[in-house]
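Build me a structure from this.
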Amino acid sequence: MGQDLIIPCQAEPAIDTSLPNPVPADRLTGGVRLRMTTEPETARAAWQALEQTGLSTLYQSWGWCAAWRDTVGRARGIVPVVVTGEDAAGQPLFVLPLQIEQRFGARLLQWQSWPHGSYGYGLYERAFLAQAPDWFQQHGAELAAVLPPFDLWLLQDMPETLHGARHPLAGLFNVRGANVLYAMDLRPDFAALYEARRSGDSRRSARKRDSRLGAMGSLTFGLPEAGAATHDVLDQMFTDQQKRLAEAHIQGPFDAAAQAFIHRLADVQAGDGLVLQPYALRLDGRLLCVMLGAVQGGCYWALISSLAAGPERKHSPGDMALRRMIEACCAQGLHSLDFASGDTAYKRQWADRVVPLHGLVRAQTMRGVAFRLPWAAYFHAKRVVKGSPVLRAVYNRLRSVLPRPV
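Residues are numbered from 1 along each chain as shown. Okay, the predicted model is just below:
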């Protein structure tokens with residue numbers, strides 16, 4: 001899994017979340033000027049510069065993280081931590097959007113917006129990305145020194161490779177993630193793409209289902225008008241998703257704060273790094289299915305899908321909506337589609353790449369030592385459960401009746 005990083009333990013003064021603005025830390029190490037702040041706005045210029053010219057994912061965009069901080073982060077008392085690395089000329093080499101969460105009596109260092117972000121990553125200058133794994137391997141302790149006090153590194157959902165390069169923290173991974181991600185390459189000609197991905201029998205079956213569904217009424221597919229219409233679609237999407245999950249005895253993953261976060265994303269401007277696109281399939285005006293995603297960096301990042309109850313389900317409206325969403329992405333000229341985490345059949349049928357995920361769970365203080373094994377065991381157990389249909393069914397049933405942890 002990579003070499004261990006020996007990190008000196010820090011003393012344990014408590015974080016005062018009522019004072020979210022300590023003096024920014026500043027340190028020169030390995031030819032990189034490290035700067036840390038708990039006020040993200042002060043790092044916005046470097047952050048958005050790398051969004052435009054560097055490499056990252058949707059989940060590190062300014063718009064995504066700002067919306068999350070203002071909703072879920074605020075509700076959970078999260079302390080945002082942003083580390084920037086600059087070269088000798090003051091140009092940004094990387095931005096690490098992190099956060100510290102107080103949980104079960106321990107201060108946990110996480111990627112910002114976790115667990116609602118599918119990729120644990122940062123924003124990196126293109127040329128620096130090739131040497132980043134060596135730099136972070138050599139200077140991880142110095143990086144820790146500029147951070148506020150915390151007990152446990154809990155950095156999850158990191159792909160070993162992305163953008164054709166190793167993850168900058170790949171040498172520090174020490175746990176395997178519970179999920180995998182799926183992604184596909186797009187091309188302008190959807191018909192050719194569809195023919196290459198799905199067999200003739202599959203396409204014929206889809207045409208028959210589409211015909212039966214179309215016989216039930218007038219079908220429309222597309223994006224809602226901006227403003228109130230978008231928020232109406234999102235509200236119905238959450239209602240339908242929660243009902244469908246309840247049928248499988250699964251609690252919906254989006255509480256009030258998380259729903260507010262998605263609604264906030266709908267109002268994010270394109271200049272802040274993303275454009276939310278909730279594709280809706282309707283029958284006689286009634287919402288059957290929503291495919292929600294966001295466009296960032298030439299990629300469509302799938303986020304949430306919903307399916308309404310009703311007799312239409314037997315004709316697979318979700319499959320029709322998926323195909324039309326992919327077709328719309330091709331028409332936009334996007335180069336890829338990321339299906340997000342979760343191992344489901346339709347993702348395997350369309351994907352070109354399977355992306356395993358990894359984590360870093362490591363104690364930073366003596367208190368962190370007591371929490372490292374339980375957290376590592378939790379992620380291991382989660383991976384085992386997800387790999388077994390029987391265990392997954394038992395887990396989902398238990399999760400439906402047990403109280404959700406705070």
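
Okay, and V268 sits in which element?
Following DSSP states H and E, one finds V268 outside all helices and strands.

same check, this time on V361
Counting by DSSP H and E, V361 is part of strand 353-363.

and the gap between L288 and P311?
Computed as CB to CB, to the nearest Å, the L288 to P311 distance reads 11 Å. For the C-beta atoms, the positions are set from N, CA and C on the backbone; glycine is no exception.

again with E39
E39 sits at a distance of 53 Å from P311 (criterion: CB to CB).

what kind of secondary structure is A45 in?
Assigned by DSSP: H, G, I helix; E, B strand; the rest coil, the conformation of A45 is helix.

and the gap between G117 and T53?
With the distance defined as CB to CB, G117 ends up 21 Å from T53.

what do you get for F238?
From F238 across to T53, the span is 36 Å (CB to CB).

Between those two, tell me which one has more neighbours.
Neighbours of F238 and T53, each counted by other CB atoms under 10 Å, are more numerous for F238; the result is 21 against 12.

pLDDT of the helix or strand encompassing that one, averaged?
Using DSSP H and E, F238 sits within helix 228-247. In this model, helix 228-247 has a mean pLDDT of 91.

for that helix, the distance to its chain's centre please.
20 Å (CA atoms, centre = their mean, to the nearest Å).

Following element in sequence after that helix, please.
Once helix 228-247 ends, the next helix or strand along the chain (criterion: DSSP H and E) is helix 256-266.

Next, the angle from that next one to helix 228-247.
Here the directions of helix 256-266 and helix 228-247 differ by 140 degrees (axes from the mean of the first three to the mean of the last three CA atoms, to 10 degrees).

now for helix 256-266, which elements pack on it?
On a contact count with 3 or more CB pairs under 8 Å, 6 or more residues apart in numbering; DSSP states H and E, helix 256-266 meets helix 62-68, helix 74-76, helix 228-247, strand 275-283.

quick one, which of L288 and P311 is more surrounded?
L288 (27 against 7).

Under the pLDDT cut-off, which ranges of the protein? List them.
Along the chain, segments meeting pLDDT under 70 span 1-24, 248-253, 385-406.

got the domain boundaries for it?
Structural domains annotated on the chain: 25-177+356-401, 187-334, as defined by automatic domain parsing.

from the chain's centre, how far out does the first one sit?
I take that to be domain 25-177+356-401. Here domain 25-177+356-401 is found 11 Å from its chain centre; the criterion is CA atoms, centre = their mean.

Helices of this structure, start to end?
For the chain, the helices defined by DSSP state H occupy 44-53, 62-68, 74-76, 126-129, 132-145, 190-197, 200-214, 228-247, 256-266, 317-332, 345-350, 366-386, 389-401.

my guess is D272 contacts A66, does it?
Yes: the pair D272 / A66 is scored as a contact, 7.0 Å apart, by CB atoms under 8 Å.

Which of these two has more residues huddled nearby?
A66 (23 against 19).

and the more buried one, what does it touch?
A66 makes contact with P40, V268, D272 under the criterion CB atoms under 8 Å, 6 or more residues apart in numbering.

Okay, the first one and Q110: tell me how far apart.
Pointing back at P40 there. Counting by CB to CB, the separation of P40 from Q110 is 15 Å.

and if you look at the last one?
Using CB to CB, one obtains 22 Å as the distance from D272 to Q110.

Ok, H263 next?
As for H263, its distance to Q110 is 23 Å (criterion: CB to CB).

Comparing these two, which residue is more hemmed in?
Neighbour totals were compared for H263 and Q110, and Q110 leads with 22 against 17 (other CB under 10 Å).

my guess is the more buried one meets D151, correct?
No: the criterion here is CB under 8 Å, and Q110 misses it with D151 at 12.0 Å.

So which of the domains of the chain is nearest D343?
When the domains of the chain are compared by CB to CB, domain 25-177+356-401 sits nearest D343, at 7.0 Å.

Closest one of the contacts of A66 to G293?
Among the contacts of A66, and counting by CB to CB, the member closest to G293 is V268, at 13.6 Å.

dump the residue contacts of that closest one.
Counting by CB under 8 Å, 6+ apart, V268 has contacts G63, W64, A66, A67, L274, V275, L276.
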